[in-house]
Each structure stands twice: as C-alpha cells, then as structure tokens.
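Asks: what's the 3D shape of this:
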Amino acid sequence: MRAVPAIFILLSAVSCMEKDGPEIFLTGQEEADISNTLVRASPPPLFADLPGDSGRSDTKGLDEKVPLVSVLDRVRQKKAVFKGISVVQIPFSDGYSLQKAYYGREPGGEPGDAAVMKRFLVTGPEGMTVVTMIADSRYARAHPDFDYLDRPDYTGAVVFSTVYGELLKVQAYDGGRILAAEFVSSEGTGDVYIVVYSWDGETRSADGADGVMTGRYVIALKPEGEVSPWFWDPDGSGEGSDPQTPEKFYTLSLSCDIPDKVEMTGGGAYTAGSTAVVGYRQKYSVQVHTLDHWTGDFAWSVSARFSMKVTEDMESTAYFETKRPAANNSKHVTNPLISMRIAASNVSMVLADADERVYANYYGGTFGLTRVDREGNPRRHDGLDLYADVGTPVYAAYSGTISKAVSGYGDSPVANSYGNELRITTAEGGRTFVTQYAHLQGGRPFAVNPRTGQPFKEDDKVYQGDLIAYSGRTGNAVDVPNPHLHLGIYTGGRWVDPKPYINGTYPSGQKSIDKGKGRITNIRYD
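Replies: Numbers count the residues shown, from 1 in each chain. Predicted coordinates:
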C-alpha cells in the first residue's frame, strides 16, 4: 500500500455531500476582464503545471500566447447564483488542447475505461478559475450534458487552475461525495496520475487519526500528442476494441481592431466539418459598432455574423473603425492608401492646383529615369510616390510576412535613406515579390497588429487590407515639397515598376502624367 501524506488525511477527515450546488472556487485574480487576457496556445495537460511533470517533452507552444476569448465558446455560456455569489461558466472550445484520460490504469499497466473531459472558465466578482472535469465514462453516458454548474451526483475528478496554468488543487467525487486526491507521476514514462483516496474503516476521530486512507482508483493522463492509438470502451465493459483514430481539429482565430470595445465570438478549435457561428459582442450598450471589412480568410464576407463549415485552420480580423481602401479582388490587391494620387517631386501640389502656370513634375514621382540630378543628368527612382500627409493610414496591398521593419528615424534629414519602412514578402500565384512601404512617420511608424496587440514587427503575418503603418517624412523625404508614401516592388533580384501592382492606372510619359496632375484612375471598388 502506498504511503499517504498526513496532510491528505487531515483534509479528508470529513466527507460531505453537496447541498447548495457546486463549490465556488475562484482565485481572487484581479484580472477578471477576459478580453485582455492571453493564455498558452498549447497549455499543459489539465491546463495546469502538474507536480513531478517537469520531464514532459511536449513543450511546443507553451510560450506562444493566444487571446483567452479566442478559445472560449461564448454561445454556450451559463450564469448561476450560488450562496449569494453570481458566477458565469464559459466552456472552452471543443478540442482546445485535447488530451485523453483513463480510469483504472495503474502505472505501467494496461489502460482502463476512457474518461470524458470537459473544461470551463468560471468567473465571478473576485476573479476567474479554469475548471477541468474528468468524468467517469459511465457517469458521462448517464449525464451527457453535465457541466460544472450542473453535475448531479458527480463521479470523477475536478482540477482547478489559474488561466496562466498554475495548479490550485484537485478534487475527486464519487456520486457527489467529496474524496481526497493528489497527483503522482511515473518516472521515465511521462505519464501523470490522479490517485483518489477513500477511508478503509467506519470510525475515525475528529482529527482523522482512526481509519486508513487507501488508494481507491487511479486516473491516468496521457501527454498531449499521444492520443493515437487510444483505448476504446464504447459499452463500459472494460474490454477495449481496436485502436481508434483521433478526430482532426482545426483552429479558428478571430480578432478585431477595437478589442477594448468589441469582443469577437466563435473562435476556437473545431472538429473537421463542424459548424462555427462567427459573431461579436459590443462591450458597452451605448456604443454601436458596424463592421467595415474583414481581412484574412473572411475577406469575402460583408457581415460580422455568419455560420460556416470549418475544414481548415483559419484566421481573420474584423475592422470596425478602420476604413477599407479600394480593392480589386481579381488582382488580389488592396490599395495602400484611401486616396491614391502621385506626388510631384519638385513643386507643392497645392501651388500646382492653384496656378497651372507652375510646373509640377508628377512624372518624377513614378518609376524609372524620371528625375534629374543637380548637373542635369537623368536619375533613377525605384518606386512610386503616393501623396500622403504625415499620419495617413497605410494598408497592406498584399498578404504576406513582414521581412523587414525599420524604425527609429525622426524628422532629421538622412541622405539616400528610406527612413522608417516595412517590407512584406508575398508568395502567391507562382510568384514571389516584396512590397516596400517607406518614409513612414517618426515616433510610431507601425500600426498595432490586432492579432497580437503589439505593433507590427518582423515575421508577423499580414493580410491584404490590414492597417499596417502611418505615412510620414522620414529618411531623405524630410524636406521634400510633398509628403508621400514611397511604394516599391522588389522581385527577381531588382526593383520593378509598381504600376501593375496597384489597383488603378495612370498614363505613360511625362507630358500625359503631368497634364493629368498625377491622378490615378480606373480604380475598382470590389
């Protein structure tokens, strides 16, 4: 018989039946606003760092963070009042960090009856707690809709942890009767067990000195990633059949540009082919927010609420307060600015508009040998200058990954410099190219990535239409007559004309461009 620590004898001196509903066990964390909380993308088993589990090898993703709201199923949340305390129970999305558990499997022995696992976030006035339930499969068959707030005569274990994975305690139940439990680990195997104890003896003193606590049953927890093959016991007979193939899960990641005002719903993990209901909730009833556009996998949608079949990993961002620039869906391009016009390279555009006798070199803002140096020699311009006042929002013309992010330039002239810039590498339709956005503003050149909550940086994924930066005058654009965004396209080892890469067109030749005052026409608004 395994020795039992005295602390567990004392804790289990009185066994009781629940009469006033489930125990309310909140951590007291002050951070009760789940909209601003990040959790591990791949949390440890049972959402808790278990004792004796430091040798586990499945650590991939433990340092990666995702918004807590993205792994919750707000559609199925439930509210209740127990002992005067109002609490909300929110299920985690099906399949989030899926693990398997077995009843009756001794260390090194054969697996027993497969358990049923459910996970909830329980919030109250003092904070929030993650509750993981490991139910006996016979109990689950008799009570398929059980949850933490409604678990009649529950048989199984309950693990309490913080949203950051800190283990708070483990509790066991047998027909609603509370029993003692603790975690043990099997050295060298990576398996972790919950050992549940009951009293072998009918009498005991108040301090628990009489009677002997013995192991009643064991729950084995399989490490994440080791769920195939697993023991299948459909009839509860204890006799397994052939190993089963675990279900395939896909992740639906949702975000928005105003997470302090709007909370997206429907994100999380889904079994292949299941239906996701995408929507949003306004945090303040006095404010009304209307979707402007999606980026990412839902760029096709014009609604913030819809249902769809999940057949692959998907990610999308809803923009409510950020306006969408013109897009050409057939070319898969969104213009980088709301207003598209070539910036003249030598004379103020305001003067050019007010007095047509003033010569304005709009042609110098286009690609090629369009300028001259002080000696009158042709000078090459490797991009397209688009007129933009300082602070003008800049959008991603194409989806891709940020391959270069330069900041730190201020308002002092820097010769032959692009100043603050972003470069995004795109690989689509059999072609690979880099889009450059240069002369971005000083101070805060990059917009906040709504999927991370931090300014865009190198290696970030960017979707066509994302607000990525703000135009400025940094680099050698500090003292130019017209503030502008420098748009460059690099492919095949050289800079090429951006004209075919924008949504719109303009005439060829200096005379035609200057006569048209740099206007870009034939812009599509798909």
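
Asks: can we go C-alpha only for contacts and neighbour counts from here?
Replies: Noted.

Asks: tell me the centre residue of the chain?
Replies: For the chain, V66 is the residue whose C-alpha lies nearest the centre (CA atoms, centre = their mean; 4.2 Å).

Asks: which residues does it contact?
Replies: With contact set as CA atoms under 8 Å, 6 or more residues apart in numbering, V66 has these partners: L38, V39, R40, A41, T452.

Asks: who's in contact with stretch 148-166?
Replies: 21-22, 27, 39-40, 43-44, 46-49, 80, 89, 120, 128-136, 139, 146, 167-177.

Asks: rerun that using 6 Å as the cut-off
Replies: Residues outside stretch 148-166 that contact it (CA atoms under 6 Å, 6 or more residues apart in numbering) are 47-49, 129-136, 167-176.

Asks: from those, which land in strands?
Replies: 129-135, 167-174 (DSSP state E).

Asks: report the buried members of those residues.
Replies: Using 16 or more other CA atoms under 10 Å as the burial test, the ones in strands among the contacts of stretch 148-166 include 129-135, 167-168, 170-174 as buried.

Asks: looks to me like A427 is in a strand.
Replies: Yes. Counting by DSSP: H, G, I helix; E, B strand; the rest coil, A427 falls inside a strand.

Asks: check what pLDDT it gets.
Replies: Listed pLDDT for A427 reads 94.

Asks: before we move on, the earlier item: in a markdown table: the contacts of V66, plus distance to Y270.
Replies: Below are these laid out as a markdown table (distance: CA to CA, whole Å):
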| residue | distance to Y270 |
| --- | --- |
| L38 | 20 |
| V39 | 18 |
| R40 | 18 |
| A41 | 15 |
| T452 | 22 |
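
Asks: worst-scoring helix or strand of this structure, pLDDT-wise?
Replies: In the chain, the helix or strand scored least confidently by mean pLDDT, DSSP states H and E is helix 6-11, which has a mean of 18.

Asks: what distance separates the helix or strand following that one from the centre of its chain?
Replies: Note on helix 6-11: by DSSP states H and E, the next helix or strand toward the C-terminus is strand 38-40. The chain centre lies 9 Å from the centre of strand 38-40; the measure is CA atoms, centre = their mean, to the nearest Å.

Asks: for strand 38-40, what is the average pLDDT?
Replies: 83.

Asks: what's the following helix or strand after that strand?
Replies: strand 65-67.

Asks: gap between the residue nearest to V434 when sequence neighbours are not counted and I468?
Replies: Excluding its sequence neighbours, the residue lying closest to V434 (CA to CA, 6 or more residues apart in numbering) is T425, at 4.4 Å. From T425 across to I468, the span is 14 Å (CA to CA, to the nearest Å).

Asks: is the residue nearest to the centre of the chain bridged to anything, and to what?
Replies: Here V66 sits in beta bridges with V39, going by DSSP bridges.

Asks: distance of it relative to V130?
Replies: Note on V66: its distance to V130, by CA to CA, is 16 Å.

Asks: T425 and I468: which has the busier surroundings?
Replies: Set side by side, T425 and I468 show more neighbours around I468, with 25 against 22, by other CA atoms under 10 Å.

Asks: and the pLDDT at the more buried one?
Replies: I468 is given a pLDDT of 97.

Asks: give me the distance between it and D150.
Replies: With the distance defined as CA to CA, I468 ends up 46 Å from D150.

Asks: surely S307 is in a strand?
Replies: Yes. With three-state DSSP as the criterion, S307 is part of a strand.

Asks: element containing the nearest residue to it once chain neighbours are set aside, please.
Replies: Leaving aside its chain neighbours, S307 sits nearest to V277 (4.3 Å; criterion: CA to CA, 6+ apart). Using DSSP H and E, V277 sits within strand 275-282.

Asks: for that strand, list the C-alpha coordinates in CSV.
Replies: The C-alpha coordinates for strand 275-282 follow below in CSV (Å, rounded to 0.1, in the frame of the first residue of the first chain):
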residue,chain,number,x,y,z
THR,A,275,-20.1,24.4,-37.9
ALA,A,276,-18.7,27.6,-36.5
VAL,A,277,-21.0,30.5,-35.6
VAL,A,278,-19.0,33.7,-36.0
GLY,A,279,-20.2,36.9,-34.4
TYR,A,280,-19.3,39.7,-32.0
ARG,A,281,-20.5,41.3,-28.8
GLN,A,282,-20.4,45.0,-28.0
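
Asks: against which helices or strands is it packed?
Replies: strand 262-265, strand 306-309 (3 or more CA pairs under 6 Å, 6 or more residues apart in numbering; DSSP states H and E).

Asks: can you name the element that comes right after it?
Replies: strand 293-296.

Asks: parallel or antiparallel, which strands does that next one pair with?
Replies: strand 314-319 (antiparallel).

Asks: neighbouring contacts of the strand it pairs with?
Replies: Contacts of strand 314-319 (CA under 6 Å, 6+ apart): 252-257, 292-298.

Asks: picking up where we left off before, what's the PyMOL syntax to select whichever of the contacts of V66 are buried?
Replies: The following PyMOL line selects those of the contacts of V66 that are buried, judged by 16+ other CA under 10 Å:
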select buried, resi 38+39+40+41
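
Asks: contacts for the helix or strand that contains L121, please.
Replies: When elements are assigned from DSSP H and E, L121 belongs to strand 116-124. The contact list for strand 116-124, computed with CA under 6 Å, 6+ apart, reads 87-92, 128-135, 137.

Asks: fine, thanks again, bye for now.
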